[in-house]
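Enquirer: 3D, please:
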Amino acid sequence: MAEHRKISATLVAGQEEGSYVFKIDGYSRSKALLKTEEYVTCAPFSSGGHRWYLNFYLNGRWFTRYTSVGLFLDSAEAEDVKGKFTLSVLDKNGEPAVPSVSYTDPVRILRSETAFHAGFVKMAGLEESVHVKDDCLTIMCVITVMKDIPMSEETTVDRFVVVPPSNLHQHLGDLLKSEDAADVTFQVGERRFYAHRAVLAARSSVFKAGLLGAMKENSAGSIIEIRDMEADVFKSLLNFIYTDSVPHALQIASNNRKSLRDVVMAGHLLVAADMYDIARLKLICEKKLCNHIDSDMVATTLTLAEQHGFHDLKDACLRFLASPSNLEAMMASDGFAHLKSSCPSVLKELIVRILPADLKVAKDLIMIM
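Expert: Predicted coordinates:
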């Protein structure tokens, strides 16, 4: 008669292990009644969320010199299970016996209704050992099921491994501030800035051509003077190159008169980003300016857009000026005179836009004047 009792079932990092003990009382009688290929079975047990059972071939299966054991996954609907099992004869103290009376099957895929048979132990050695005590054979089976870490609201990878956000921008920003290993110097007005050729070249095709190209020898060891740019603008440009972060000057607050100074800064930085081919910064500046068009600044912004070819910004200004009240206020602003003298063609476009659609001939005439 075979009976079983559960010893333990534990879950540890990525696997669940269940240990079970089976006792076959009346071992000699059971062996005498069973033929080769016949077996005594145990009741199903659970491990790793699955049901299992074992067949004990006391007179062997295939190899008649060995007592064999077959392991079955007792579930027709179960998916393939990755795991391993160990069988051990227990000694009189309830501990696994020497390796000669134990067996470990390597990790493999265990499938439903498929048995894995082990030539467990030589029958002669088993019967002659002290482990068949009082005609009772005690065997322990350990099944280890490899578990995937569940991805759910209750248990996620984040509970075990927390990956912090990237801080590359902080390290590069610190490098810029510390000036460690700086190998290029810029003179902007009365201020000097120290930077790193490799970083600048990686972020700007213009810097790459100037610092690593044909001008490399001329710039080596010398101070590069930056004209037509304010020091604060160049500082913000360098900061973006190293950290990819938007300068504080671009944090424009709507309905805040003080932010007009920041709008001017955004315009200067847009020109600088265009000059050094820093595409993302150009788009950020252009978007900020598009979101802060008013009657006081629109003439200056439109001039900037026309002179540097910022088409989206220009279109936003023209749409704003399609309103007669906005147009009238713009003509009274300080920037209108500069717009009229430096960009007369854009005024033609503006007039064409505000004329009624049926005046096509008038529009065409204005554009060719």
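
Enquirer: show me the strands in the stretch 101-250 of the chain, by range?
Expert: Ranges of strands within the stretch 101-250 of the chain are 102-110, 115-122, 136-146, 184-188, 191-195, 223-225, based on DSSP state E, counting those that start in this stretch.

Enquirer: what strand or helix carries residue 71?
Expert: When elements are defined using DSSP states H and E, residue 71 is found to belong to strand 66-73.

Enquirer: and that strand, what does it pack against?
Expert: strand 50-57, strand 81-89, strand 102-110, strand 115-122, helix 123-128, strand 136-146 (3 or more Cβ pairs under 8 Å, 6 or more residues apart in numbering; DSSP states H and E). In this view, the C-beta of every residue, glycine as well, is placed from N, C-alpha and C.

Enquirer: show me what counts as buried in the last one.
Expert: Neighbour counts using 16 or more other Cβ atoms under 10 Å place 137, 138, 139, 140, 141, 142, 143, 144, 145 of strand 136-146 among the buried residues.

Enquirer: assess the claim that the last one and residue 47 are in contact.
Expert: Yes: the pair residue 145 and residue 47 passes the contact test of Cβ atoms under 8 Å, sitting 6.3 Å apart.

Enquirer: so what sits against both of those two?
Expert: When contacts are counted by Cβ atoms under 8 Å, 6 or more residues apart in numbering, residue 145 and residue 47 are jointly contacted by 16, 17, 18.

Enquirer: residue contacts, the nearest residue to residue 190 once chain neighbours are set aside?
Expert: By the measure of Cβ to Cβ, 6 or more residues apart in numbering, the closest residue to residue 190 outside its immediate chain neighbours is residue 231, 7.2 Å from it. Remark: with contacts taken as Cβ under 8 Å, 6+ apart, residue 231 is in contact with 188, 189, 190, 191.

Enquirer: who wins for most neighbours among those residues?
Expert: For the contacts of residue 231, the largest number of neighbours (other Cβ atoms under 10 Å) sits with residue 188, at 20 neighbours.

Enquirer: who is that residue paired with across the strands?
Expert: Counting by DSSP bridges, residue 188 forms beta bridges with residue 191.

Enquirer: all further residue positions should be reported with the first residue as 274.
Expert: Got it, the first residue is 274 from now on, which makes the last one we talked about residue 461.

Enquirer: surely it touches residue 501?
Expert: No: using Cβ under 8 Å, residue 461 is not in contact with residue 501; the gap is 10.0 Å.

Enquirer: okay, and for the stretch 524-642 of the chain, where does confidence drop off?
Expert: 524-532, 627-642 (pLDDT under 70).

Enquirer: residue 333: neighbour count?
Expert: Around residue 333 there are 19 other residues, counting by other Cβ under 10 Å.

Enquirer: sorry, slip of the keys, the one I care about is residue 407.
Expert: When neighbours are counted by other Cβ under 10 Å, residue 407 registers 8.

Enquirer: which two in the contacts of residue 504 are spaced the farthest apart?
Expert: With distance counted by Cβ to Cβ, no two of those lie farther apart than 461 and 463, which are 8.2 Å apart.

Enquirer: once you drop chain neighbours, what's closest to residue 480?
Expert: The nearest residue in space to residue 480 (Cβ to Cβ, 6+ apart) is residue 473, at 4.0 Å.

Enquirer: and the longest helix along the chain, which residues are buried?
Expert: Identified as the longest helix of the chain according to DSSP state H is helix 533-548. By neighbour count on 16+ other Cβ under 10 Å, the buried set for helix 533-548 is 535-536, 538-548.

Enquirer: of the residues you listed, closest to residue 346?
Expert: Of all those, residue 346 sits closest to residue 546, with 63.9 Å by Cβ to Cβ.

Enquirer: below-threshold pLDDT in the stretch 324-473 of the chain: ranges please.
Expert: Under the criterion pLDDT under 70, the flagged ranges of the stretch 324-473 of the chain are 334-339, 348-353, 365-404, 420-435.

Enquirer: make it 90
Expert: When the per-residue scores of the stretch 324-473 of the chain are filtered using pLDDT under 90, the ranges that remain are 324-440, 442-443.

Enquirer: got the contact list for the closest residue to residue 622 other than its chain neighbours?
Expert: Leaving aside its chain neighbours, residue 622 sits nearest to residue 591 (6.6 Å; criterion: Cβ to Cβ, 6+ apart). Taking Cβ under 8 Å, 6+ apart as the contact definition, residue 591 lies against 575, 619, 622, 623, 626.

Enquirer: now swap in residue 584 and tell me
Expert: residue 578.

Enquirer: same question for residue 599.
Expert: Going by Cβ under 8 Å, 6+ apart, the list of residues near residue 599 reads 568, 571, 593.

Enquirer: gap between it and residue 591?
Expert: Residue 599 sits at a distance of 11 Å from residue 591 (criterion: Cβ to Cβ, to the nearest Å).

Enquirer: try residue 498
Expert: Per Cβ to Cβ, residue 498 is found 37 Å from residue 591.

Enquirer: work out for me the element the closest residue to residue 613 other than its chain neighbours sits within.
Expert: If the residues on either side of it in the chain are set aside, residue 613 comes closest to residue 620, at 6.3 Å by Cβ to Cβ, 6+ apart. Here residue 620 sits within helix 617-627, counting by DSSP H and E.

Enquirer: what packs against that helix?
Expert: helix 571-581, helix 584-593, helix 597-604, helix 608-615, helix 633-641.

Enquirer: extract the C-alpha set from the third one and format it as PDB.
Expert: Presented in PDB, the C-alpha positions along helix 597-604 are these (Å, rounded to 0.1, in the frame of the first residue of the first chain):
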ATOM      1  CA  PRO A 597      -8.100  93.600 -38.000                       C
ATOM      2  CA  SER A 598      -7.700  94.600 -34.300                       C
ATOM      3  CA  ASN A 599      -4.500  92.700 -34.000                       C
ATOM      4  CA  LEU A 600      -3.200  94.200 -37.300                       C
ATOM      5  CA  GLU A 601      -4.000  97.700 -36.100                       C
ATOM      6  CA  ALA A 602      -2.300  97.200 -32.800                       C
ATOM      7  CA  MET A 603       0.800  95.700 -34.500                       C
ATOM      8  CA  MET A 604       1.100  98.800 -36.800                       C
END
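
Enquirer: sweet, I'm off.
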